[in-house]
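J.: predicted model, plus sequence, below.
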Amino acid sequence: MKKISALLFVLFFAVAANAQLFTPEELEVLKYQDSRTAGPNGELLNYLGSFNNAVVIRTLYALGNIGDSAYIPQIVEKLNSSNNPDIRTAAAFALGLIPSPVSAAALTEALKNEKDESVLDWIIKSLGSVGNTDQLSEVCTYNAGTDNLRTAQAYSIARFARRNIKNSESVAKIKALISDGNDEVKRMCAHAFLYTRDRGLLSEAEQEIYNLTKSQDADTRMRAFTAYGYVSGSTAVPYLMESYDKENVWQVKNSIITAFDIITRFDKSIQENKELAFFLADKGEGEDVYLSTAALRTLGNVFSKTNDPGLKAELLPRLQWFLIKGKAVELASIGEAVNAIGMIYKDSETDELISRYKNSEGYYLKPYIISAFKYMDNAGVYKELRKLITDDVQEYVNKRKITEGDMIAGKELTPIYRAFVETLSGLMDKANPEDKETMRLIFCEFSGSKDPSIVDLCFTSLNSDIYSAKRNELKISLGIDYQELVYPKDKETMKLFIREFSFLKAENTVPLLEANLKINDYEICRESAEALKAITGKNYTYTAKPVSFFDAEKLNGLAKKQYAVMHTSRGDIKIKFYPYYAPFTVLNFIALAEKGFYNNTTFHRVVPGFVIQGGDPLNSGWGGPEYTIRSEFIPLSFERGALGMASDGKDTEGSQFFIMHSPYYHLDNSYTVFGEVVSGMDIVDKIYLDDYVQSIEIKEN
């Protein structure tokens, strides 16, 4: 992490001066925060009057995390009246967690009256999270007197842009900040340009963005090159290729590759650039799997619609090279080469791809081959794919002498089925009426697979307008499939079905949903009550409560457990936790680690330049423990090396975690950051899909 706010230093020293991690008052505040309530009579609000500043600050954080707009007046009162700047800062941060015109108005008024720089810093940042176009103008016209506040302005403008609130005034302000600010200001300006993502607006700042691509700071260059894709065209290709070859930071190289992809959206002539095609193919042969896969993916995206037969003829052998047995190439790179062949050559390579599938050993490459067919123009190819997969599955079952079981006979087959369903989704709009109907029946069949990643794809396809006439039939079939699910084993799939029932307004599922309200599972009950409301218009009640992890002794015990070593298949990663700032998240992570929950789980999601993600017992991105924990938002940013919790929205965290490759501030206040890597970032930068956590060792301080 690059920096911790002065406010958090205040809290840190409050901890250091105390034998316990939390005072009795703080523990009470934490109890309310974890229960997401201020108490039946607003008891939490009483702690705003504490003589202990750390307790007041924690109470403000708790109110912000609870997120109830009813408590905005009490937070505003602290922002306006407290003599302590740390308390006012906490109030400004808390208001940024509660989207409301009242929050925005209070922050705008405070911007005019506040004098303390640390408080102004968070007033400006929070306005970016809750303000509208008028507040954007207030931020842009504010006369920041220091580089710290100019950095906050750029950060805020980026947050406005992320919410699609952007205009010429905001772009002009970023340009002005670059002229007036230091390197940190420029770094954040590059971030603001990146999230503006509007070619028309950014064209006003083309020169400034170009200049930032030459910055000495790698983070600045990384963002600037991506933003440059929005303002440049095919004439910039030589500069980008030259910059790539000179660059020595892999994250920046990755951004340059991304820029080619973005340019394609605006300048189609790039699709005929033979030099670029060979450049990307060459980089695809590189040793770095992140850059190799990125280059091949972009090669497919950029040249998927090229009209140059000569280019395609010369490029094909370069891609087929990846498929030669014995080549020292990562399997992931081979997979991306197959995908590129599908994108660029489509139906002309049908026979070759089918042959590759039949001759492919094992199961790793087969999903890539299946996925490549979704780019074909002949939708009827799905019939041959279906036969290939059926034969493959039968051989799998015979070899293992499987006589009964779930629809998916083995975990090796799940990616193949998933790829097949994804390919059907890509082909269905091109299919004739008869094939469309067959595909619909296949989607319905796989909806009963119980695998959440496959079920989710099926529901997305079945909800397409082309199948709207069959919705009544779908309601009946899904109601039957739902009754085959077993709680808690199929909990994630159950949640998908419940949401689908809500979307379909499936009246026939009302008894099923009402029965769910008797399950002692808060998530299932909440989802079911919301679905019942959508279907019947009535409000339903239930008795299940969120799982509480409040345990005063264990929370204070975190003072002795602030480090962990993650032993991975690539090497060790040492982590420092933030138990004072995200206690429940740290407590949950440690508890899971100590009982071996994370042992042999894979890194199922890797986005080069962004994150590596793991912690899923299903190794698919859909698994977790049988409960969720609450989000814990604190004024820390997601810098390189930050350890965060994955979620499906606020208060849905479980076991999945991620580690940042690079700073990405759009995650701030939306995800929980609960630690940082203190050694082993070189290992983080090597991890790719299917690398795994061997174990996590919690260290006593």
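T.: Yep, that arrived.
J.: find the nearest non-adjacent residue to the spatially most central residue of the chain, please.
T.: Using CA atoms, centre = their mean, the residue of the chain that lies closest to the mean C-alpha position is Ala646, 7.0 Å off. Nearest residue to Ala646 in three dimensions, chain neighbours excluded: Gln656, at 3.9 Å (CB to CB, 6 or more residues apart in numbering). From N, CA and C alone the C-beta is placed, and that goes for glycine too.
J.: let me see the contact set for that neighbour.
T.: Gln613, Gly614, Gly615, Asp616, Gly621, Gly623, Gly624, Met645, Ala646 (CB atoms under 8 Å, 6 or more residues apart in numbering).
J.: wait, the residue nearest to the centre of the chain touches Val673, no?
T.: No. Using CB atoms under 8 Å, Ala646 is not in contact with Val673, being 12.0 Å away.
J.: pull the distance from the one helix or strand Ser126 maps to to the chain's centre.
T.: Applying DSSP states H and E as the criterion places Ser126 in helix 117-130. How far helix 117-130 lies from its chain's middle: 24 Å, per CA atoms, centre = their mean, to the nearest Å.
J.: who does that helix touch, helix- and strand-wise?
T.: Contacts defined by 3 or more CB pairs under 8 Å, 6 or more residues apart in numbering; DSSP states H and E place helix 117-130 against helix 85-95, helix 101-113, helix 133-141, helix 147-162.
J.: just name the most buried of those helices.
T.: Highest mean neighbour count among these (mean count of other CB atoms under 10 Å): helix 85-95, with a mean of 27.
J.: contacts for that one?
T.: Outside helix 85-95, the residues touching it (CB under 8 Å, 6+ apart) are 5-7, 10, 53, 56-57, 60-61, 63-64, 72, 75-76, 78-79, 82, 103, 106-107, 110, 114, 116, 118-119, 121-123, 125-126, 130, 635.
J.: kindly format the C-alpha coordinates of it as PDB.
T.: Extracted as PDB, the C-alpha positions of helix 85-95 are listed here (Å, rounded to 0.1, in the frame of the first residue of the first chain):
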ATOM      1  CA  PRO A  85     -10.400  17.300  12.400                       C
ATOM      2  CA  ASP A  86     -10.100  13.500  12.600                       C
ATOM      3  CA  ILE A  87     -13.700  13.200  13.600                       C
ATOM      4  CA  ARG A  88     -14.800  15.600  10.800                       C
ATOM      5  CA  THR A  89     -12.700  13.500   8.300                       C
ATOM      6  CA  ALA A  90     -14.500  10.300   9.500                       C
ATOM      7  CA  ALA A  91     -17.800  12.000   9.100                       C
ATOM      8  CA  ALA A  92     -16.900  13.100   5.500                       C
ATOM      9  CA  PHE A  93     -15.900   9.600   4.700                       C
ATOM     10  CA  ALA A  94     -19.100   8.100   6.200                       C
ATOM     11  CA  LEU A  95     -21.300  10.400   4.100                       C
END
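J.: what angle do it and helix 117-130 make?
T.: Put simply, helix 85-95 runs at 0 degrees to helix 117-130, going by axes from the mean of the first three to the mean of the last three CA atoms, to 10 degrees.
J.: what angle separates helix 85-95 from helix 101-113?
T.: 150 degrees.
J.: chain center to helix 85-95: distance?
T.: That offset, for helix 85-95, works out to 27 Å (CA atoms, centre = their mean).
J.: do the same with stretch 522-534
T.: 25 Å.
J.: so where do the helices sit in the stretch 551-700 of the chain?
T.: Taking DSSP state H, counting those that start in this stretch as the test, the helices found in the stretch 551-700 of the chain are 552-557, 583-594, 681-684.
J.: now what about the second one, what contacts it?
T.: Helix 583-594 is contacted from outside by 21-22, 30, 34, 549-551, 554-555, 558, 561, 564, 577-579, 598, 615, 625, 629-630, 632, 645, 653, 655, 657, 672, 674-675, 696-698, using CB under 8 Å, 6+ apart.
J.: which of those are buried?
T.: 21-22, 30, 34, 549-550, 555, 558, 561, 564, 577-579, 598, 615, 625, 629-630, 632, 645, 653, 655, 657, 672, 674-675, 696, 698 (16 or more other CB atoms under 10 Å).
J.: sitting in strands, which of those do you find?
T.: Ala564, Phe577, Met645, Phe657, Phe674, Gly675, Ile696, Ile698 (DSSP state E).
J.: any idea how far the first one is from Tyr540?
T.: Spelled out, it's Ala564. 42 Å (CB to CB, to the nearest Å).
J.: and for the closest residue to Ala294 other than its chain neighbours, the neighbour number?
T.: Of all residues not flanking Ala294 in the chain, Ile257 sits nearest, at 4.7 Å (CB to CB, 6+ apart). By other CB atoms under 10 Å, the residues close to Ile257 number 28.
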